[in-house]
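Peer 1: Would you be able to build a 3D model of this:
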Amino acid sequence: MILPDGASETLQVKDEGFDHDNIISRGSSPGLVRGTSTSRPKSQVGYSGARPPTYSEDEDHEQFYDEAYTKRQTSDASLIHNAVVPAGQSKGYYQDLEYADPYTTPSPYSNQTAGKPSPFALFVGNDGKYPLEQRIENKKRGIGRQAYPFLTWIVSVVLIAVFIYEEVIQSKAQGTPVSFKPTVNPMLGPSGSALIFLGARFPPCMKNVSSVPPSTLLACLNDTANPSTINCPLEDVCGFNGFDNGTPNQWFRFITPIFLHAGFIHIALNLLCQLTVSAQVEKEMGSGGFFLVYFAAGIFGNVLGANFSLVGSPSTGASGAIFGTTAVAWVDLFAHWKYQYRPVRKLIFMTIEFLIGFAIGYIPYIDNFAHLGGFLLGLLVGIVFYPVISVTKRHRAIMWTCRMVAMVLAIILYVVLIRNFYTSDPYAACPGCRYLSCWPTASNNHCQGYVLCSRSSW
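Peer 2: Residues are numbered from 1 along each chain as shown. So this is what the prediction gives:
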């Protein structure tokens, strides 16, 4: 500020927001603008006392600014400078101070940025959209690769629609949506014959079974007597236009049981698990990988059950597929243990859920082998397709090795068990395995293989 000629001898200038006394007490003078003079009369150096700082004509009209005042004058220019992107700089030159860290430190993961995703990565949900640091943060917050589990919702709607169709067939056959005669369905659903007709896994409809040959007569769908009084040939009960050349060959029963359920209780439990656990797995791994896990596990569960369960008992349910998605949650838990919230507690709850599901597998029309097989293949396929976070090259190499081994094991298990089902007697290979899915009682001939309400024609 330059004092014009004729101005008052002194001019009082004091910034109320600037602690002048504190500055002088530390033995330093107020900040001055670069290029200005620091020479002042000795009488005007101190700010203590009643006399305020003044400017006089004895200072040759040199400019002297208070530091706080100077900052206010230059604040607008500073903002303009920060907002304008200099030539050659990217759009990220200006940082939003509301979210920016006060101190920027180099990250060990900063060099691992997202690249162009491959078609395979896009299919399984690993689109390379986020850098590694953000993926870790999303994992800690429970944020997945997609916001909504579209495939889970679609499959759930299909399961409900198929179950409604089951109830229509049951009602037409026996006049009631729940079978109480000849036996009570504990899951409150169709009869065993109706489930076989609708596509339940039933080995006598899939291949020649010595204990249940094609000449066997089973209870018809409308039979309500025990023992049965209205019997139909096996080929008629199996439905789907019967057998080709009289030989059971309905291989699709490895797939159709996924969409069928034994009753209201069965479908309610499965939908509860599917819309919670399975839905979260889909959001984290993407619909593509979830599709592969869900159906690969569901089909393999039926393959394993066809090998070792009771050949004379029908089996239904999406439980194998749901157990497969649950297994993926186990892969996530152990692969990202340090990123999980209370991982030990989560492990305990998941173990309890698994044991409850295993116990339910002893109920008629539900197969524990489908549960165990689905869980096993879910682990293998989950290792292959779940987007595990790798922070080092060594960890990434280990994960790719595990993926290759898991994929080979899954293929070998499929080939061996399907071949075993069609070419040998599963009971001879493992006579005690049946007890993993059957509680021996007089009604099931102590788990020796049976068909409810049936008799042979010879």
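Peer 1: where do the helices sit along the stretch 301-450 of the chain?
Peer 2: Assigned by DSSP state H, counting those that start in this stretch, the helices in the stretch 301-450 of the chain fall at 319-335, 343-360, 368-385, 393-423, 426-429.
Peer 1: do you know which of those helices lies nearest residue 184?
Peer 2: Among the helices of the stretch 301-450 of the chain, the nearest to residue 184 by Cβ to Cβ is helix 343-360 (17.2 Å). The C-beta positions use only the backbone N, C-alpha and C, and glycine is treated the same way.
Peer 1: Output that closest one as PDB - backbone C-alpha positions only.
Peer 2: The C-alpha coordinates for helix 343-360 follow below in PDB (Å, rounded to 0.1, in the frame of the first residue of the first chain):
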ATOM      1  CA  PRO A 343     -13.500 -64.700   9.400                       C
ATOM      2  CA  VAL A 344     -13.500 -67.200  12.300                       C
ATOM      3  CA  ARG A 345     -17.100 -66.400  13.200                       C
ATOM      4  CA  LYS A 346     -18.000 -66.600   9.500                       C
ATOM      5  CA  LEU A 347     -16.300 -70.100   9.300                       C
ATOM      6  CA  ILE A 348     -18.300 -71.300  12.300                       C
ATOM      7  CA  PHE A 349     -21.600 -70.200  10.800                       C
ATOM      8  CA  MET A 350     -20.800 -71.800   7.400                       C
ATOM      9  CA  THR A 351     -19.900 -75.100   9.100                       C
ATOM     10  CA  ILE A 352     -23.200 -75.100  10.900                       C
ATOM     11  CA  GLU A 353     -25.100 -74.400   7.700                       C
ATOM     12  CA  PHE A 354     -23.200 -77.300   6.000                       C
ATOM     13  CA  LEU A 355     -24.100 -79.700   8.700                       C
ATOM     14  CA  ILE A 356     -27.700 -78.800   8.700                       C
ATOM     15  CA  GLY A 357     -27.800 -79.300   4.900                       C
ATOM     16  CA  PHE A 358     -26.200 -82.700   5.300                       C
ATOM     17  CA  ALA A 359     -28.800 -83.700   7.900                       C
ATOM     18  CA  ILE A 360     -31.600 -82.700   5.600                       C
END
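Peer 1: For it, enumerate the helices and strands it packs against.
Peer 2: helix 319-335, helix 368-385 (3 or more Cβ pairs under 8 Å, 6 or more residues apart in numbering; DSSP states H and E).
Peer 1: between the shortest one and helix 368-385, how big is the angle?
Peer 2: Between the direction of helix 319-335 and that of helix 368-385, the angle (axes from the mean of the first three to the mean of the last three Cα atoms, to 10 degrees) works out to 40 degrees.
Peer 1: Now helix 319-335: buried residues?
Peer 2: For helix 319-335, burial by neighbour count (16 or more other Cβ atoms under 10 Å) applies to 319-332, 335.
Peer 1: now do the last one
Peer 2: For helix 368-385, burial by neighbour count (16+ other Cβ under 10 Å) applies to 368-385.
Peer 1: List the residues that contact residue 321.
Peer 2: Contacts for residue 321 (Cβ atoms under 8 Å, 6 or more residues apart in numbering) come out as 258, 294-295, 297-298, 301, 374.
Peer 1: what do you get if the cut-off is 7 Å, keeping everything else the same?
Peer 2: 258, 294-295, 297-298, 374 (Cβ atoms under 7 Å, 6 or more residues apart in numbering).
Peer 1: Can you give me the separation between it and residue 270?
Peer 2: Using Cβ to Cβ, to the nearest Å, residue 321 is found at 9 Å from residue 270.
Peer 1: Just put the contacts of residue 321 in TSV and tack on distance to residue 238.
Peer 2: As requested, the contacts of residue 321 are exported to TSV (distance: Cβ to Cβ, whole Å):
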residue	distance to residue 238
258	18
294	26
295	23
297	25
298	21
374	24
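Peer 1: how about those residues in a markdown table, adding secondary structure and distance to residue 146?
Peer 2: As requested, those are exported to a markdown table (DSSP: H, G, I helix; E, B strand; the rest coil; distance: Cβ to Cβ, whole Å):
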| residue | secondary structure | distance to residue 146 |
| --- | --- | --- |
| 258 | helix | 23 |
| 294 | helix | 15 |
| 295 | helix | 19 |
| 297 | helix | 20 |
| 298 | helix | 21 |
| 374 | helix | 23 |
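Peer 1: closest to residue 193 among these?
Peer 2: Out of the contacts of residue 321, the member with the shortest distance to residue 193 (by Cβ to Cβ) is residue 258, at 20.2 Å.
Peer 1: And for the closest one, the neighbour number?
Peer 2: Residue 258 has 29 neighbouring residues, counting by other Cβ atoms under 10 Å.
Peer 1: which residue sits closest to it, ignoring its sequence neighbours?
Peer 2: Spatial nearest neighbour of residue 258, chain neighbours left out: residue 298 (4.2 Å); criterion: Cβ to Cβ, 6 or more residues apart in numbering.
Peer 1: And residue 283, by the same measure?
Peer 2: Here the nearest residue to residue 283 in space, its sequence neighbours aside, is residue 144; by Cβ to Cβ, 6+ apart that works out to 3.5 Å.
Peer 1: so how far is residue 385 from the one you found?
Peer 2: As defined by Cβ to Cβ, residue 144 lies at a distance of 14 Å from residue 385.
Peer 1: next one: residue 156
Peer 2: Per Cβ to Cβ, residue 156 is found 21 Å from residue 385.
Peer 1: what's the answer for residue 132, then?
Peer 2: Residue 132 is 19 Å from residue 385, by Cβ to Cβ.
Peer 1: and what of residue 354?
Peer 2: Distance of residue 354 to residue 385, computed by Cβ to Cβ: 21 Å.
Peer 1: Look up the pLDDT of residue 193 for me, please.
Peer 2: Per-residue confidence (pLDDT) for residue 193: 91.
Peer 1: Assess the claim that it and residue 237 are in contact.
Peer 2: Yes. Contact between residue 193 and residue 237 holds when scored by Cβ atoms under 7 Å: they sit 5.6 Å apart.
Peer 1: Need the overlap of contacts for the two.
Peer 2: The contact sets of residue 193 and residue 237 overlap at residue 218 (Cβ under 7 Å, 6+ apart).
Peer 1: Who has more neighbours out of these two?
Peer 2: Taking neighbours as other Cβ under 10 Å, residue 193 and residue 237 compare with residue 193 leading, 31 against 24.
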